[in-house]
Every structure is written in structure tokens, then in C-alpha cells.
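**Student:** Sequence below, structure please.
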Amino acid sequence: MPESAKAKGLMRRDFGNTWKQLRSVLIAGLMIGAVGAVGMGFVIQHEGRRPVNVVDLLAVALGIGLITPFFVLPTLLVSIRIEDGMISHWLCRRWKLSEGRVDSLTKVEIATNTGARFHFSDRKPISFMGADLMILQAMCVHLMELRPEFRQFVFGRRAVMILKTVQMIQGKRKEG
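**Tutor:** Numbering: from 1, shown residues only. Down below sits the predicted model:
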């Protein structure tokens, strides 16, 4: 992005999964399902309880493969956009559900439940459920770029990696 666009505050960042990530999860789920089906086939064959039914094994593989994308679906449908000093909550990246100003942020909870929660001084919180840790980390770093003085991040147990990254960036800013 050109420097003039940054100076005008026109930086726009979307946080949430994309269709490409959903496809990757589907492929990974199908591979896990295939490994599970092959493992079940070996166990059934080894125990000799009954003949291996290939249709049942294919159903297990496809079932696991088709269920895994539903774990990614919440952040595919709902995303967060940070643009022009506003944090907005979007449905399908088309319809704005709610928004709040970055300047009025009082606290950001990361992975304390299942995603992120943005608390504002002048409105209700915005929740971003089911977000991947890498998405949450990128969001924290971006918020720190917008508000270098902001220190009100609360991290859950599963967000230790994000906490270390944020502390590293904050330490570099104090030195510089």
C-alpha cells in the first residue's frame, strides 16, 4: 500500500477465514478420514470379527472429511474488518453487523473463550468467535500498529504464542 494511503488512514484489513482455507480444511479432513478408515479396516481385519465392508469405511472417511469444515465455517461467515479507525463486524464480508472506534477500545480478550472479544467505552462488545490463533495474532499486531499505547490485551491459555509475540513487539517499541 502506498505511503500516502497509510498517512490518510485508508488501511483496510479483514480478519477471518477465506474459501481457500475452507478448502484446505476439507482436504485435511478427508485425509484424516482416510487414515481413520484404513486404520479401522486393519483393526476389523486383524480381529477377524467380520469381513471388511468397504462402503462403511468410505462412509467414515467422507463423514469425517465433510464434518471438519464446519469448525471453520463460523469465521468464514463472520469476520472482523479494521478500517479508518473503526473495528467492524461483518456477515459474509458484505453486511455490517456492528462497529466501534479503535480509539474507544478499553480491552481486547484473545482466546479466553473461543475467539476474540473487543470491549469499547461507548458501546457493547463485539465478539469474534471461532477464530484461528494466527488470525487473532495478526489482529493483535495490527491493533498495536494502530494504537501503540494500547496495552489492555487479555490472553487465554491457548493464546500463549500470541502473548509472546505481543510482548516481543511491545519490548521492541520500548527500546526504540
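
**Student:** what's the lengthiest helix in the chain packed up against?
**Tutor:** With secondary structure taken from DSSP state H, the chain has its longest helix at helix 19-47. Using 3 or more C-beta pairs under 8 Å, 6 or more residues apart in numbering; DSSP states H and E, the elements in contact with helix 19-47 are helix 54-67, helix 73-77. No exception for glycine: its C-beta is placed from N, CA and C like everyone else's.

**Student:** tell me the contacts of the residue of the chain positioned farthest from its centre?
**Tutor:** In the chain, counting by C-alpha atoms, centre = their mean, residue 48 sits farthest out from the average C-alpha position, at 43.9 Å. For residue 48, no contacting residues are found, by C-beta atoms under 8 Å, 6 or more residues apart in numbering.

**Student:** Let me know the pLDDT of it.
**Tutor:** pLDDT, residue 48: 75.

**Student:** for it, phi and psi?
**Tutor:** phi 70, psi 30 (degrees, to the nearest 10).

**Student:** Residue 29: what's it in contact with?
**Tutor:** So residue 29 contacts 64, 65, 66, 67, 68, 69 (C-beta under 8 Å, 6+ apart).

**Student:** How many residues are close by the first one?
**Tutor:** Just to be clear, that refers to residue 64. Using other C-beta atoms under 10 Å, residue 64 has 18 neighbouring residues.

**Student:** Are we agreed that residue 17 is in a helix?
**Tutor:** No. Assigned with DSSP: H, G, I helix; E, B strand; the rest coil, residue 17 falls outside any helix and is coil.

**Student:** For burial, what's the neighbour tally of it?
**Tutor:** Counted with other C-beta under 10 Å, residues neighbouring residue 17 total 22.

**Student:** Tell me who's in contact with the residue lying closest to residue 72 once chain neighbours are set aside.
**Tutor:** Distances taken as C-beta to C-beta, 6 or more residues apart in numbering place residue 25 nearest to residue 72, at 4.8 Å, with adjacent residues excluded. Contacts here follow C-beta under 8 Å, 6+ apart; on that basis residue 25 touches 68, 69, 71, 72.

**Student:** Residue 130 is in contact with the third one, correct?
**Tutor:** I take that to be residue 71. Yes. At 7.4 Å, residue 71 counts as touching residue 130 under the criterion of C-beta atoms under 8 Å.

**Student:** quick one, domains of the chain?
**Tutor:** For the chain, the structural domains run 19-71, 80-175, going by automatic domain parsing.

**Student:** now do the same end-to-end measure for the first one.
**Tutor:** With C-alpha to C-alpha, to the nearest Å as the measure, the first residue of domain 19-71 is 13 Å from its last.
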